[in-house]
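Enquirer: Sharing a model prediction with you, sequence too.
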Amino acid sequence: MIDHIHIRTTKQDDIIKLTEFIVPFVEQEKILPRTSDELEVLVESGFVAVEENDEIVGFASLEIYSRKLAEIRSLVVAEHRQGIGVGKKLVTACVERARQRNILEVMVVTSSDTFFQSCGFDFTLPGEKKALFIQPHLTD
């Protein structure tokens, strides 16, 4: 039940708990490994989903690149709390922060495209703009 889970901005005090929380997701290759420094940056612009006992059951961060573009990063939800709307609430918090800061576009790089589409994301931007990527270390 999602009623006893609330979303709040992350605090520096959350870093140790978050470091432990993300381990299974990194091991399952659902998110990239994060150094302490990287996690500290994500926490500055992040949100956690917490239960009444302050147990973290979800995390997401909005990395703002410019006034034009931000990215939702490291969205994870504890397995025993998936499917009840925790992830959507975290995404909504990130999008709302972008709206408050007048960011024009929010993107996400994911293997869970169906989930993000259910949150209102799409593969193209108005005018049929698409994001294209290259991995320079894999090209000739």
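Expert: The structure has been received and is ready for your questions.

Enquirer: now the helix or strand of the chain with the lowest mean pLDDT: how far from the chain's centre is it?
Expert: Sorted by mean pLDDT, DSSP states H and E, the helices and strands of the chain end with helix 36-44, the least confident at a mean of 82. A distance of 13 Å separates the centroid of the chain from that of helix 36-44, by Cα atoms, centre = their mean, to the nearest Å.

Enquirer: mind listing what's buried in it?
Expert: Neighbour counts over helix 36-44 (16 or more other Cβ atoms under 10 Å) mark Leu39, Leu42, Val43 as buried. Using the backbone N, CA and C atoms, a C-beta is placed for each residue, glycine as well.

Enquirer: on contacts alone, who are the packing partners of the helix or strand following it?
Expert: Sequence order places strand 46-51 as the next helix or strand after helix 36-44, per DSSP states H and E. Applying 3 or more Cβ pairs under 8 Å, 6 or more residues apart in numbering; DSSP states H and E, we find strand 46-51 packed against strand 5-9, strand 56-64, helix 86-100.

Enquirer: these two touch, right, Glu40 and Ile15?
Expert: Yes: look at Glu40 against Ile15 with Cβ atoms under 8 Å: they come within range, at 6.4 Å.

Enquirer: returning to what we had before: run through who's touching the least confident helix or strand of the chain.
Expert: The contact list for helix 36-44, computed with Cβ atoms under 8 Å, 6 or more residues apart in numbering, reads 10-12, 14-15, 18-19, 22, 34, 61, 63, 73-74.

Enquirer: now the angle between strand 46-51 and that helix, please.
Expert: 80 degrees (axes from the mean of the first three to the mean of the last three Cα atoms, to 10 degrees).

Enquirer: Dump helix 36-44 to PDB, restricted to CA.
Expert: What follows is helix 36-44, C-alpha atoms only, in PDB (Å, rounded to 0.1, in the frame of the first residue of the first chain):
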ATOM      1  CA  SER A  36      30.600   8.300  -3.200                       C
ATOM      2  CA  ASP A  37      31.300  11.600  -5.000                       C
ATOM      3  CA  GLU A  38      28.800  10.700  -7.800                       C
ATOM      4  CA  LEU A  39      26.200   9.700  -5.200                       C
ATOM      5  CA  GLU A  40      26.700  12.900  -3.300                       C
ATOM      6  CA  VAL A  41      26.000  14.900  -6.500                       C
ATOM      7  CA  LEU A  42      22.800  12.800  -7.200                       C
ATOM      8  CA  VAL A  43      21.700  13.300  -3.600                       C
ATOM      9  CA  GLU A  44      21.800  17.100  -4.100                       C
END
